[in-house]
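Participant: below: sequence and its predicted model.
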Amino acid sequence: MTTPSPVEAEALELIRDLIRIDSVNTGDAATIGDGETRAALFVKQKLEEVGYHVDLVEPRPGRASVVARLVGTDPDAGALVVHAHLDVVPVVEADWTHPPFGAEIHDGILYGRGAVDMKNYAGAILALARAYRREGVVPRRDLIFAFFADEEAGGVWGARWIVHNRPELFDGATEAISEVGGFSIPLTDERRAYLVATAEKGVTWATLTARGHAAHGSRPTSDNAVVRLSRAVAAVGAHRFPVVTTPALKRFLQVFGEHRGIRFTDDGLDDELAGLGFVSSIVTASAATRSRRRCSAPGARPT
């Protein structure tokens, strides 16, 4: 194992410090404490130590985010937003082998809530932001470092609130990069590919309505509405929509296929992507961007 660089060593310590701050986001205002603000204040302090001007935004008590900018040399170049979130999902401590907020290291592995999602990344970009200031690094384009609250429950009091109420913090920004980037897969024995997500899929809600004769539960009817709904849900789950690949996915399949000697096909895409290992489900979900088609079952209709 190689000796970590000073930036890597500092990143690890910052990640551990952040993990030790319980910033659980339950999604329920009545049960959310001030952990996000405590984490934001920690980040603010670390950035100000090396000379950043820092904006701390707290639209509700305990729900703070932090934004800082490193000015580049080319004012005409679009700024890049590098962002992380400081909240984490709830914890059932009894299910953990090691304390979820202990940030303990065992056998070279860091344990703690947020070690993967995503105080690891928050600590890493915080360490890099500090290193750039200490070393006098001036990028070509502005770098906007943002550490958000409330990512785990929709971003209402984090990114969404800031975009709507403090948009000037992102003046000139043309791109942004955040979590999931950095996962790598082998292309060949000598080369690896580092994947970049180009967009997020949306969510569509549907209401299914089924009708049948009213009856007592002890005497179910042949046109039972609950059974019809169950059939409809099962039909949606079993249905295979035709694959509609995006330009970004087409390019990925082309480049990856050329290096692996694979020609991807719509019919066998799931099986062909299975060889990607732990990122298979991510890429398969992208490949499963299906055209809209109405799914139906007898007696059920979407409304």
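Facilitator: That came in fine, so what should we check first?
Participant: next secondary structure element downstream of the helix of greatest length in the chain?
Facilitator: Using DSSP state H, we find that the single longest helix of the chain is helix 119-135. Sequence-wise, the next helix or strand downstream of helix 119-135 (DSSP states H and E) is strand 143-148.
Participant: show me what that following strand is packed up against.
Facilitator: Counting contacts by 3 or more Cβ pairs under 8 Å, 6 or more residues apart in numbering; DSSP states H and E, strand 143-148 is packed against helix 35-49, strand 65-70, strand 79-85, helix 119-135, helix 159-165. C-beta coordinates here come from the backbone N, C-alpha and C atoms, glycine included.
Participant: one more time with 6 Å, if that's ok
Facilitator: strand 65-70, strand 79-85 (3 or more Cβ pairs under 6 Å, 6 or more residues apart in numbering; DSSP states H and E).
Participant: residues contacting the longest helix of the chain, please?
Facilitator: For helix 119-135, contacts defined as Cβ atoms under 6 Å, 6 or more residues apart in numbering pick out 7, 10-11, 14-15, 18-19, 43, 46, 50-51, 70, 82, 84, 145, 147, 179.
Participant: export it as PDB, just CAs?
Facilitator: This file holds the C-alpha atoms of helix 119-135, laid out as PDB (Å, rounded to 0.1, in the frame of the first residue of the first chain):
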ATOM      1  CA  LYS A 119     -19.700  12.400   3.200                       C
ATOM      2  CA  ASN A 120     -16.800  10.600   1.500                       C
ATOM      3  CA  TYR A 121     -17.200  12.900  -1.500                       C
ATOM      4  CA  ALA A 122     -18.000  15.900   0.600                       C
ATOM      5  CA  GLY A 123     -14.800  15.400   2.500                       C
ATOM      6  CA  ALA A 124     -12.800  14.800  -0.600                       C
ATOM      7  CA  ILE A 125     -13.900  18.000  -2.400                       C
ATOM      8  CA  LEU A 126     -13.400  20.000   0.900                       C
ATOM      9  CA  ALA A 127      -9.800  18.700   1.100                       C
ATOM     10  CA  LEU A 128      -9.200  19.700  -2.600                       C
ATOM     11  CA  ALA A 129     -10.800  23.100  -2.200                       C
ATOM     12  CA  ARG A 130      -8.500  23.700   0.800                       C
ATOM     13  CA  ALA A 131      -5.400  22.400  -1.100                       C
ATOM     14  CA  TYR A 132      -6.100  24.700  -4.100                       C
ATOM     15  CA  ARG A 133      -6.200  27.800  -1.800                       C
ATOM     16  CA  ARG A 134      -3.100  26.800   0.100                       C
ATOM     17  CA  GLU A 135      -1.100  26.000  -3.100                       C
END
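Participant: if we can go back for a sec, and the helices and strands packed on strand 143-148, which is most packed in?
Facilitator: strand 65-70 (a mean of 25; mean count of other Cβ atoms under 10 Å).
Participant: which members of the contacts of helix 119-135 are classed as buried?
Facilitator: 7, 10-11, 14-15, 18-19, 43, 46, 70, 82, 84, 145, 147, 179 (16 or more other Cβ atoms under 10 Å).
Participant: ok, back up a step: can you lay out the helices and strands packed on strand 143-148 as TSV showing mean pLDDT and distance to residue 37?
Facilitator: As requested, those are exported to TSV (pLDDT from 0 to 100; distance: least, Cβ to Cβ, whole Å):
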stretch	mean pLDDT	distance to residue 37
strand 65-70	98	9
strand 79-85	97	14
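Participant: in JSON lines, list those along with distance to residue 241.
Facilitator: What follows is those, written out as JSON lines (distance: least, Cβ to Cβ, whole Å):
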{"stretch": "strand 65-70", "distance to residue 241": "38"}
{"stretch": "strand 79-85", "distance to residue 241": "32"}
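Participant: ok, which of those comes nearest residue 165?
Facilitator: strand 65-70 (11.2 Å; Cβ to Cβ).
Participant: okay, now the sheet partners of the closest one, with direction.
Facilitator: Under the criterion DSSP bridges, strand 65-70 sits next to strand 54-57 (antiparallel), strand 143-148 (antiparallel) in its sheet.
Participant: tabulate those (JSON lines), appending distance to residue 91 and mean pLDDT.
Facilitator: JSON lines is the format used below for these (distance: least, Cβ to Cβ, whole Å; pLDDT from 0 to 100):
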{"stretch": "strand 54-57", "distance to residue 91": "26", "mean pLDDT": "98"}
{"stretch": "strand 143-148", "distance to residue 91": "20", "mean pLDDT": "98"}
